[in-house]
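A.B. asks: Generate coordinates for the sequence data below:
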Amino acid sequence: MTDPLVAACALEPLIRATMAEAEAARRMPESVIAAMAEARIFRQLVPRVAGGDELDPITMLNVTEAVSRMDGSAGWVAMIGSGAGFLSGYLDTEVSREIFAEPNAALCGNLGAPGARAMRVEGGYRVSGRWPFVSGCEHSTWMSGNAVVCDGDTPRRNANGTPVTRIMIFPHHDGRVIDTWSATGLRATSSHDVSVADIFVPEERSMWWSDGPKQPGPLYPVRFMLLGHAAHALGIARAAVDAFVDLAEHKVPTRATALLRDQPLAQANLAQAEGLIQAARAFMWQTTAEVWDQLCAGRPVTDRQRALLRLAMTVAVQSSAQAVDLIWAAAGSSPVYTTSPLERCFRDIHVATQHAAVGLFSLETIGSALIDPTRAGGAPLI
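C.D. replies: Take a look at the predicted model:
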C-alpha cells in the first residue's frame with residue numbers, strides 16, 4: 001500500500017489548480033473527489049474487513065493536516081469523508097462492505113443534534129426530517145444523520161429522561177440536497193442541508209455510540225475521527241504562516257523603507273503565531289499517541305484521557321484561529337484582497353471555529369470533566 005501521507009501530498013497540484021473553480025461552484029470538482037478516492041482518503045478509518053485501511057489516528061492527523069495546508073475546503077472534505085467512514089466500525093461487517101463496495105464510495109453526515117424523527121417499525125425505522133451542515137453531500141454515495149427514536153408520536157426516553165437517538169445511514173438517492181451553503185468560509189465543502197421523507201432504514205444501518213464498536217482492535221473504542229478538526233485547523237494556520245513568510249520577503253509596508261520581514265511587529269506576530277501552532281500541535285499529537293499506545297496495549301482509556309483529547313482538539317482549533325489573526329494583523333492591507341491566500345485562510349479558519357465540537361463553550365464541559373468525570377452530564381466527550 002502506498003504511504004497514506006505520500007498519497008495525500010500527491011494531490012496538491014490538482015487541488016491548487018482547481019481552488020478557484022471549487023470556490024465558485026461551492027463544491028470540490030469531480031476530479032478532486034476522484035483523486036481523493038483513489039488516494040483512499042475516505043477509507044482511512046474504515047475497517048480492513050470492509051475494504052478500508054483502518055489507519056492509526058496519528059496517520060489520519062498527518063493526512064488531514066497536509067490536505068488542509070493545501071486548501072481549507074479540501075481539507076474539510078477529506079476530514080469529513082474519512083471521519084464519517086469511522087461509523088463503519090460500529091456496523092456489522094456485511095453492512096460496511098455494502099456501503100464501501102464501490103471504489104468511489106464516501107459517507108457523509110451530520111452527527112450533531114437530531115434533525116429527524118425515526119418511527120420504530122418492523123425491521124427498522126421510517127425516518128423523516130432535515131439536517132443542516134451535511135458537508136460533502138453532493139459527492140457522497142451514502143449519508144447519515146442523527147434522529148430521535150419514536151414509538152408513534154412519543155419519543156423514547158433513556159433512563160435519565162433524555163430522548164433516545166440513533167444515527168441513521170442511508171444511500172444518497174434516499175436524501176434530497178437543499179442548496180443552502182452560501183458561507184463566509186469553507187465555501188467549497190458543499191455543506192448543504194439534506195432532508196428525507198419517510199424513508200426506511202433497516203435496523204442494521206442504524207447505530208449509537210453506546211452500542212459499542214462491532215469491529216475489534218484499538219481504533220474504534222475512542223471517537224478518533226473527531227480529532228481531524230484539530231489537524232484541519234492546524235493545516236490552515238500553517239498555510240497562513242507559509243503565505244506570510246512569502247509575502248514578507250518582498251512587501252515593503254506603506255510609509256516604511258524596509259521589507260515586511262524586517263518590521264518588529266511582523267517578527268513578533270510571526271513568533272507568537274508559530275508558538276501557538278507548535279504548542280497546540282504537540283499537545284494534540286502527544287495526547288493522541290498516549291491514548292493510542294494505551295489502547296494498543298489492551299488497556300481501557302480513562303475519562304480524564306478522553307477529556308484531554310477533547311481539550312487538545314479544541315485548543316488546536318482555537319489556537320490556530322489566534323495564529324491566523326496574528327498573521328492577518330501583521331500583513332497589513334494585503335490580505336483584504338481575494339487574490340491573497342491569507343484572505344482565504346482567515347475566512348476558512350473562522351468558519352472552522354464555529355463547529356459545535358470545538359467551540360469555546362465546550363471548555364466548560366471539558367473543565368468540569370477534568371475536575372470530576374461524573375459532572376460531565378453524561379455527554380460523550382470523545
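A.B. asks: Contacts for the helix or strand hosting residue 348, please.
C.D. replies: For residue 348, the host element (DSSP states H and E) is helix 341-352. The contact list for helix 341-352 (C-beta atoms under 8 Å, 6 or more residues apart in numbering) reads 23, 71-73, 76, 183-187, 229, 232-233, 236-237, 239-240, 243-244, 247, 317, 320-321, 324-325, 327-328, 331, 334-338, 358. Just so you know, the C-beta spots here come from the backbone N, C-alpha and C atoms, and that holds for glycine as well.
A.B. asks: and what of stretch 88-95?
C.D. replies: 45-47, 49-50, 52, 96, 99-100, 107, 169, 204-205, 207, 209, 211-215, 219-220.
A.B. asks: how about the strands in the chain?
C.D. replies: In the chain, the strands defined using DSSP state E lie at 107-110, 116-121, 124-134, 142-151, 154-155, 165-171, 176-178, 192-202, 206-207.
A.B. asks: Mind putting these into JSON lines with distance to residue 347?
C.D. replies: As requested, the strands of the chain are exported to JSON lines (distance: least, C-beta to C-beta, whole Å):
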{"stretch": "strand 107-110", "distance to residue 347": "22"}
{"stretch": "strand 116-121", "distance to residue 347": "30"}
{"stretch": "strand 124-134", "distance to residue 347": "16"}
{"stretch": "strand 142-151", "distance to residue 347": "26"}
{"stretch": "strand 154-155", "distance to residue 347": "38"}
{"stretch": "strand 165-171", "distance to residue 347": "30"}
{"stretch": "strand 176-178", "distance to residue 347": "23"}
{"stretch": "strand 192-202", "distance to residue 347": "18"}
{"stretch": "strand 206-207", "distance to residue 347": "34"}
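A.B. asks: Out of those, the one nearest residue 282 is which?
C.D. replies: strand 124-134 (29.9 Å; C-beta to C-beta).
A.B. asks: counting contacts, what elements does that closest one pack onto?
C.D. replies: Where contact means 3 or more C-beta pairs under 8 Å, 6 or more residues apart in numbering; DSSP states H and E, strand 124-134 is packed against strand 107-110, strand 116-121, strand 142-151, strand 165-171, strand 192-202.
A.B. asks: out of these, which comes closest to residue 13?
C.D. replies: Across the helices and strands packed on strand 124-134, closest to residue 13 is strand 107-110 (C-beta to C-beta), at 25.4 Å.
A.B. asks: Buried residues in stretch 193-208, which are they?
C.D. replies: For stretch 193-208, a neighbour-count test (16 or more other C-beta atoms under 10 Å) marks 193, 194, 195, 196, 199, 201, 205, 206, 207 as buried.
A.B. asks: pLDDT weak spots in the stretch 151-300 of the chain?
C.D. replies: Nowhere does the stretch 151-300 of the chain drop to pLDDT under 70.
A.B. asks: re the thing from before, which of the contacts of stretch 88-95 are buried?
C.D. replies: Listed as buried from those are 45-47, 50, 52, 96, 99-100, 107, 169, 205, 207, 213-215, 219-220; burial here means 16+ other C-beta under 10 Å.
A.B. asks: can you pull the contacts of residue 195?
C.D. replies: Contact partners of residue 195, counting by C-beta under 8 Å, 6+ apart, are 129, 130, 131, 175, 176, 178.
A.B. asks: which of those count as buried?
C.D. replies: 129, 130, 131, 175.
A.B. asks: Residue 319 contacts residue 278, doesn't it?
C.D. replies: No. With contact defined as C-beta atoms under 8 Å, residue 319 does not reach residue 278; the gap is 9.7 Å.
A.B. asks: Show me the domain layout of this protein.
C.D. replies: Per automatic domain parsing, the structural domains of the chain span 4-99, 107-202, 224-372.
A.B. asks: right, so of the ones you listed, which gets closest to residue 382?
C.D. replies: In terms of C-beta to C-beta, the element of these nearest to residue 382 is domain 224-372, at 4.6 Å.
A.B. asks: The closest one: end-to-end distance?
C.D. replies: 22 Å (C-alpha to C-alpha, to the nearest Å).
A.B. asks: now do stretch 219-231
C.D. replies: Terminal-residue distance, stretch 219-231 (C-alpha to C-alpha): 18 Å.
A.B. asks: again with stretch 135-146
C.D. replies: Stretch 135-146 has an end-to-end distance of 15 Å (C-alpha to C-alpha).
A.B. asks: and if you look at stretch 181-199?
C.D. replies: OK, stretch 181-199 end separation, C-alpha to C-alpha: 24 Å.
A.B. asks: Hmm, residue 259 and residue 251 touching each other?
C.D. replies: Yes. Counting by C-beta under 8 Å, residue 259 is a contact partner of residue 251 at 6.7 Å.
A.B. asks: quick one, which of those two is more surrounded?
C.D. replies: Shown here are residue 251 and residue 259; by other C-beta atoms under 10 Å, residue 251 has more neighbours (19 against 15).
A.B. asks: Nearest spatial neighbour of the more buried one, chain-adjacent residues omitted?
C.D. replies: Closest residue to residue 251 apart from its sequence neighbours, by C-beta to C-beta, 6 or more residues apart in numbering: residue 260 at 4.4 Å.
A.B. asks: if I look at the one you found, how far off is residue 243?
C.D. replies: Distance, residue 260 to residue 243, using C-beta to C-beta, to the nearest Å: 12 Å.
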